[in-house]
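Participant: quick one: sequence plus predicted model below, questions after.
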Amino acid sequence: MEKLEVKSLNHHFGFTEILRDINFTLNKGQVLSVVGPSGGGKTTLLHLCAGLLDVEEGSATNTFASSSFAFQDARLLPWKNVIDNIALGLLAAGEKKSVAIEKSKKIALEFGLEESDFEKFPKDLSGGMRQRVSFARALVVKPSLLFLDEPFSALDIGLKKELQSILIDMISKKEISILFITHDLMEAIRLSDEILLLKADPGHIVKKFSYDLAQNKRDDEYVYAQSAKILQDREIITTFELELK
Amino acid sequence: MEKLEVKSLNHHFGFTEILRDINFTLNKGQVLSVVGPSGGGKTTLLHLCAGLLDVEEGSATNTFASSSFAFQDARLLPWKNVIDNIALGLLAAGEKKSVAIEKSKKIALEFGLEESDFEKFPKDLSGGMRQRVSFARALVVKPSLLFLDEPFSALDIGLKKELQSILIDMISKKEISILFITHDLMEAIRLSDEILLLKADPGHIVKKFSYDLAQNKRDDEYVYAQSAKILQDREIITTFELELK
Amino acid sequence: QEKLEKIVIAGPFASVSHPLLHMIKTNALKDVAKEVEFRLWKNPDELRAIVIKGDVDFVAVPTNTAAILNNKGVDIRLLNVSVWGILGMISRDNTLKTLKDFKGKKIAVPFRADMPDIVFVQLLKKQGLDPKKDFELVYVSNPIDAMQMLIMRRIDHSLLAEPAISVALRKTDSFPIKLIAPDLYRSVDLQEEWARVFNTDKDIPQAGMAVLGRMKDKKVISRFLEEYDNSLKWYMSHPQEAGKLVASEIDLLTKDGVADSIAHINLKSKSAADVQEKIEFFFNVLKEEDPKIIGGKLPQDSFYYKED
Amino acid sequence: MKFTLKILKDFPAYLWSGWGAIASILLFIALWDMGNQIYGNLVLPSPLETFTTLVAMLADENVIAEIKTTLYRASVGFGISLVVGTSFGLLAGFFATASMMSRPIVTILVGMPPIAWIVLAMIWFGMGDETVIFTVIVASFPIIFVGALQGTRTLDGDLKEMSDSFKLPWHMKFFDVYFPHIFSYVFPAWVSGLGMAWKIVVMAELLATSDGIGASLAVARSQLDTPTALALVVIMIGSLMFVEYIILEPIKREVELWRS
Amino acid sequence: MKFTLKILKDFPAYLWSGWGAIASILLFIALWDMGNQIYGNLVLPSPLETFTTLVAMLADENVIAEIKTTLYRASVGFGISLVVGTSFGLLAGFFATASMMSRPIVTILVGMPPIAWIVLAMIWFGMGDETVIFTVIVASFPIIFVGALQGTRTLDGDLKEMSDSFKLPWHMKFFDVYFPHIFSYVFPAWVSGLGMAWKIVVMAELLATSDGIGASLAVARSQLDTPTALALVVIMIGSLMFVEYIILEPIKREVELWRS
Ligand SMILES: Nc1ncnc2c1ncn2[C@@H]1O[C@H](COP(=O)(O)OP(=O)(O)OP(=O)(O)O)[C@@H](O)[C@H]1O
Ligand SMILES: Nc1ncnc2c1ncn2[C@@H]1O[C@H](COP(=O)(O)OP(=O)(O)OP(=O)(O)O)[C@@H](O)[C@H]1O
Ligand SMILES: [Mg+2]
Ligand SMILES: [Mg+2]
């Protein structure tokens, strides 16, 4: 079965230890969130899992058939317009040009972009639009594993909800598995089967929270209740240094 | 008295109308938030107010003694390390080099950066760290007017709280006035005296919400209650297209 | 006897090559070769390339250059010397009669460290003059620059070789803005100075024909020399036609310039072996100034081609 | 196709924007005329005389043949430099070892005066097109190489990572991700290399052949025929301007549209 | 100061990384030796003979004086090109009109063969340093200009906006915001321009003066003294390598530290 298995993963940048002894498994159809303080090593962990950084110690074995990555910063090609940027992954996967453009236009509309934005170059987009293009580029290839690095941070509450429901829809159809980084605990609770809490200096997993209710069954009530609960957790409080305030 | 006064401001990019008939006044010591959908023109509005874009129709008169801008994307100088990036505004204002470095180090620590990060170049920073450097660079010059374009979007909940309380502290001492863009309504409610709701296509102000309680008196209860209330508002619901879900 | 497929002769655009053009035009060697080709070399680089590639039979060269090549191990032998005097001074002042009269003057000298320069310097030294102190020598890279400087009045005197002298005189005289163009005069003839200073005749063995290793056939060589003599005679006696012929083949020269120059050049074909002594005397004078100008040492006797 | 159409469409606007350029060319000609009045015809013929000579020359098919010869040599030489210089520069940029190994060779090429090459080239190729072309390549190749190398060296690591994450095949990686960045470095290098090629072709012809603009220039010089010499220089400058403004610049405008 | 110390500190590591470079230089010398065996001494003296000649020449103070003369001319010419080319390039980049006006003039400079300049320069300056320096400037200026222009044209608008928002004074704007970007464009142009200057100084000396390496090269050439000629070429290449690897490259490494 397709899965991503991370075993006793360590990582250094230069002489600084960034990650220590990370272990987890992401099975097909699951959503795994990573939460933790800024600079804790979440992005680094994702890059390691996606094979964008070389694993030095331990292992990260990815047996998913296909994967794609939505980066924390949008990383659009400045010389390509919105549609061409979205179509990039499709073309790389060997899709015919016209089909790729068609699919890209469709997903762009779904993501709240307008016809008039299609020809714009990234420099003429708003921050949130850039993020949506980047997200759409990753989703349009229908990967079986999706890496998401704070994909909603620049979006307004309406769009956030809409995109989340698109994801939830795919999750409930077991079409996709997601490794997800977020700073928003409610977001994590709404989407994940499991949440990993990554504490900093060096990044290590201090706790895992599991949620069994199917994502499309989770209503606002459930999310509020769970997040109130999680905010009482000692590990959460010390990791985010919440008590001081 | 120092103030920022925007009168019947319109703006176009090419033939697309982006902003239509914007009017508001920001008085000394006030915090004004702008919320609205992604791509609605919030960043454009801020740029116009800060004089970074030329006003074509209407007027935006800024009589504040000094101002600084924290951009939505960090816009750090890639060839300068963290401290030199933060010190940029201070040096521009004529501060002595050693003093500027001193002040920059102090604020960097306050913003949750560590000694070991000081010498790093932006490419070696995490997303949240970059955002903090950019924010610190704007705040360290102690401007009387601060433009903030989603300064907390990449920060974890702990940092967010900490930086907000720094701001609230300054606000209650009447040291600073802020024009603030955010997607997080709770954040807006916690910090603002007034919230402008900017509806898109073209961007125009549909409603203003005022909050009279002093910022340092607002506890979580208050913020939750107010945000529950605001989420019931018809204009909010239609602007963010919330009802569909 | 069988005819050769092709004879290739290379030469510079100077006077020494001009009889060759006549030879080719009149097809003088048709009894020994089906075809005769002339190849122009414009600078030492081209000469080197031609000699090394080895697809040439005869070259027209300055005698000292032939000596250098010979000393560097190239199979080259001097056949004859045909140019015995082309050097002269050109000046804006027609009262200067000997090199001594130029003392203290600014003189343009093309071909630095080349044969004309060395002859000039030696002539000065032998008269007890110091080229560095008594004159202001301005080295220029080629005769054209010297002519330019003369015409632009940046300089009043220059060492030049024929046919450049004639070309320069023509050019300035015929120029439409004659009023501001200076009048130039043919001044001291270096050959006469040579005769006076070294107490000999006016002959300086400056250039001639040489044969390269590829050409082994003695009969062809002697035919070649014969015809070269004939063409040289024609060249000297038909200046106008010669000018036209040369200008049509070598477009760097003008027909009037060439025609004018013939009267001022000391031309006569002498077998190299016959004048070995004169050549060696000349080489010794050169060597005194800079041995490198003849390749370090006098060439061996085999350098002077002998007909048997 | 669409690309070509677009270039053609933008063309009039581009020409229109050329008034400033024309003004400064006229200024230059005025200065030249002043120079003529100061130094006289023999040194610097008047623009009028030069252009009259030029017109007469352009009617002469021998001259046209010489120009064609030179154009051919310059284009072939520059074309090869462009292709080889760009590709080697890219290779050197992508592989650190290639860079280490090739840079000193390039420095040697840069530092070696063409005169040092010409003898070897003449021996290898004779006194014809190939020698000139070879000299042109040797002279303009390093400029283009250095530009391409720098373009490759300054690639954005983030975009590289992104293209890795989408497993772009190499041709997409190259054309969609690397090229537009490298272009902004290699393009000015092409322009400089073109200028260099254009200058060296004439010099090499002057030294090593008996045809082409360079040889004509040598003839005009030795006959002190300055109007012809200047007319030849005008031809050179004119063709270079043509190539630069009518061919290279519009291409650049189109490729760099995203910047504006 | 701190800057200098850092450069010195990184120096050994930098030298160490030069093995590949040395290997390829050795390879080049091996090829050269093969060439010698094929073509003989007259065309291509052996490396050994050349270096022996070189050593003998370097002991001769006349030769040293010639080298110094050439070095002086090249440095002054290149220095002026560097300053003027960079500043005019920047101006042209910052002001669209300046660009419009100056580019055709630059194209004229590029397209005009040095021979055409040398005559004018000889009239203006006589046969000395100035003529050579002028020719060097005219030849290497455009390369640097084009590089600086491109660097200025590709500046990041977002960073410009940022520096406006902090009201950076012009010198900070220039050195802290613009320069590091422009540097990455102008540096390779400097390298190419240096190579050009180095080549042209020798050519101009060959044509227009009686001293310097170029003039010595002319003498060696007319005397068919190939070992001396090649030794002079080796001196040229050696000095260029020295400047490039011992001066320019470490500076570049330091300035571009933030990339790696
Ligand atoms: N290329 C690099 N070289 C050196 N250090 C790096 C590099 N990239 C990241 N780091 C360091 O690694 C640490 C973790 O960075 P990472 O980007 O993984 O954090 P993160 O958890 O994603 O934070 P954020 O939530 O702010 O995005 C940081 O201290 C950062 O400075
Ligand atoms: N330079 C530009 N040229 C043309 N259109 C532009 C330019 N900059 C922004 N726009 C357009 O203006 C609109 C508003 O952009 P703006 O950045 O102000 O949005 P925003 O409200 O800040 O959105 P977000 O919350 O996503 O940051 C968008 O449709 C965008 O495409
Ligand atoms: Mg991150
Ligand atoms: Mg925005």
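Facilitator: Okay, I see it. Residues are numbered from 1 along each chain as shown, chains lettered A, B, ... in the order given. Ligands and ions are numbered 1, 2, ... in the order given.
Participant: ok, D:F242 to D:L194 distance?
Facilitator: Applying Cβ to Cβ, to the nearest Å, the value for D:F242 to D:L194 is 11 Å. For the C-beta atoms, the positions are set from N, CA and C on the backbone; glycine is no exception.
Participant: between the two, which one's more packed in?
Facilitator: Just comparing D:F242 and D:L194: by other Cβ atoms under 10 Å in any protein chain shown the higher neighbour count belongs to D:L194, 25 against 10.
Participant: right, and that one touches D:I247 too?
Facilitator: No - contact criterion Cβ atoms under 8 Å: D:L194 and D:I247 do not qualify, at 9.9 Å.
Participant: flag every residue of chain A that's near ligand 4.
Facilitator: Proximity of chain A to ligand 4 is confined to A:S126, A:G127 under the rule Cβ under 5 Å from the ion.
Participant: for ligand 2, what's the nearest residue on chain A?
Facilitator: Going by Cβ to the nearest ligand atom, ligand 2 is nearest to A:G128 of chain A, at 2.5 Å.
Participant: cool, the stretch 151-300 of chain C as well?
Facilitator: C:M152 (58.8 Å).
Participant: which residues in the stretch 101-250 of chain C form strands?
Facilitator: Counting by DSSP state E, counting those that start in this stretch, the stretch 101-250 of chain C has these strands, from start to end: C:106-109, C:136-139, C:157-161, C:185-189, C:207-212.
Participant: of all those, which one is nearest C:A33?
Facilitator: The minimum distance between C:A33 and the strands of the stretch 101-250 of chain C falls on strand C:207-212, with 14.1 Å, by Cβ to Cβ.
Participant: now do that closest one, average pLDDT.
Facilitator: The pLDDT scores in strand C:207-212 average 88.
Participant: one more: stretch D:234-246?
Facilitator: The average of the pLDDT scores along stretch D:234-246 is 87.
Participant: and stretch D:210-229, by the same measure?
Facilitator: Averaging pLDDT along stretch D:210-229 gives 81.
Participant: try stretch C:159-173
Facilitator: Computed over stretch C:159-173, the mean pLDDT rounds to 78.
Participant: check which helix or strand whatever residue of chain A ends up closest to ligand 3 maps to.
Facilitator: Residue nearest to ligand 3 within chain A (Cβ to the ion): A:T43, separated by 3.1 Å. Per DSSP states H and E: A:T43 is located in helix A:42-49.
Participant: domains in chain A, by residue range?
Facilitator: For chain A, the structural domains run A:1-31+A:40-65+A:144-245, A:80-139, going by automatic domain parsing.
Participant: winner for burial among the ones you listed?
Facilitator: Highest mean neighbour count of the domains of chain A: domain A:80-139, a mean of 20 (counted as mean count of other Cβ atoms under 10 Å in any protein chain shown).
Participant: what is the end-to-end distance of it?
Facilitator: For domain A:80-139, the first and last residues are 18 Å from each other (Cα to Cα, to the nearest Å).
Participant: check stretch C:144-160 too.
Facilitator: Start-to-end, stretch C:144-160 (Cα to Cα) is 10 Å.
Participant: how would you label the residue positioned nearest the centre of chain A: helix, strand or coil?
Facilitator: Note on chain A: the residue nearest the mean C-alpha position is A:L148, at 1.6 Å, using Cα atoms, centre = their mean. Secondary structure, DSSP: H, G, I helix; E, B strand; the rest coil: A:L148 is strand.
Participant: and the nearest residue to it once chain neighbours are set aside, what helix or strand is that in?
Facilitator: Nearest non-adjacent residue to A:L148, counting by Cβ to Cβ, 6 or more residues apart in numbering or on different chains: A:F180, 4.7 Å away. For A:F180, the host element (DSSP H and E) is strand A:177-181.
Participant: repeat that for A:T25.
Facilitator: In this structure, A:T25 sits in strand A:16-27 according to DSSP H and E.
Participant: now do that strand: distance to the chain's middle.
Facilitator: In terms of Cα atoms, centre = their mean, to the nearest Å, the centre of strand A:16-27 is found 16 Å from the chain centre.
Participant: do the same with stretch D:224-235
Facilitator: Taking Cα atoms, centre = their mean, the mean C-alpha location of stretch D:224-235 is offset from the chain mean by 21 Å.
Participant: for the stretch 51-200 of chain C, just list every one of the helices.
Facilitator: Using DSSP state H, counting those that start in this stretch, the helices of the stretch 51-200 of chain C run over residues C:63-71, C:115-126, C:131-134, C:143-151, C:164-174, C:190-198.
Participant: actually, the stretch 1-150 of chain D.
Facilitator: Under DSSP H, counting those that start in this stretch, the stretch 1-150 of chain D gives helices at D:2-16, D:19-39, D:47-58, D:61-94, D:96-111, D:114-125, D:129-153.
Participant: and the third one with helix D:19-39, angle?
Facilitator: Meaning helix D:47-58. 110 degrees (axes from the mean of the first three to the mean of the last three Cα atoms, to 10 degrees).
Participant: what does the pLDDT read for the residue lying closest to A:E243 once chain neighbours are set aside?
Facilitator: Closest residue in space to A:E243, ignoring its immediate chain neighbours: A:I237 at 5.3 Å, by Cβ to Cβ, 6+ apart. Looking at A:I237, its pLDDT reads 89.
Participant: quickly note the distance from the residue of chain A closest to ligand 3 to ligand 4.
Facilitator: 22 Å (Cβ to the ion, to the nearest Å).
Participant: same thing with A:P202?
Facilitator: Distance of A:P202 to ligand 4, computed by Cβ to the ion: 34 Å.
Participant: spatially nearest residue to that residue, not counting backbone neighbours?
Facilitator: A:E17 (4.0 Å).
Participant: get me the contact residues on chain A for chain E.
Facilitator: Within chain A, the positions near chain E by Cβ under 8 Å from any Cβ of the partner chain are A:K123.
Participant: find the closest residue to chain C in chain A.
Facilitator: Across chain A, the shortest distance to chain C (Cβ to the nearest Cβ) belongs to A:W79, at 47.7 Å.
Participant: so that residue sits in a helix?
Facilitator: No - membership of A:W79 in a helix is not supported by three-state DSSP, which gives coil.
Participant: what about it, how many neighbours?
Facilitator: A:W79: 21 surrounding residues under other Cβ under 10 Å.
Participant: hmm, who's touching the top helix by length along chain A?
Facilitator: In chain A, assigned by DSSP state H, the helix with the most residues is helix A:157-172. Contacts with helix A:157-172, where a contact means Cβ atoms under 8 Å, 6 or more residues apart in numbering or on different chains, come from A:29, A:31, A:110-112, A:128, A:132, A:135, A:139, A:151-152, A:155, A:176, A:178, A:187, A:190-191, A:214-216, B:37-38, B:183, B:185, B:239-242, B:244-245.
Participant: tell me the confidence at A:A100?
Facilitator: 93.
Participant: rewinding a little: could you point out the helix or strand that follows the helix holding A:T43?
Facilitator: Per DSSP H and E, the first helix or strand lying C-terminal to helix A:42-49 is strand A:57-62.
Participant: spit out the contact partners of the nearest residue to C:K306 once chain neighbours are set aside.
Facilitator: Using Cβ to Cβ, 6+ apart and skipping residues adjacent in sequence, the residue nearest C:K306 is C:A273, 4.6 Å away. Applying Cβ under 8 Å, 6+ apart to C:A273 gives the contacts C:Y304, C:Y305, C:K306, C:E307.
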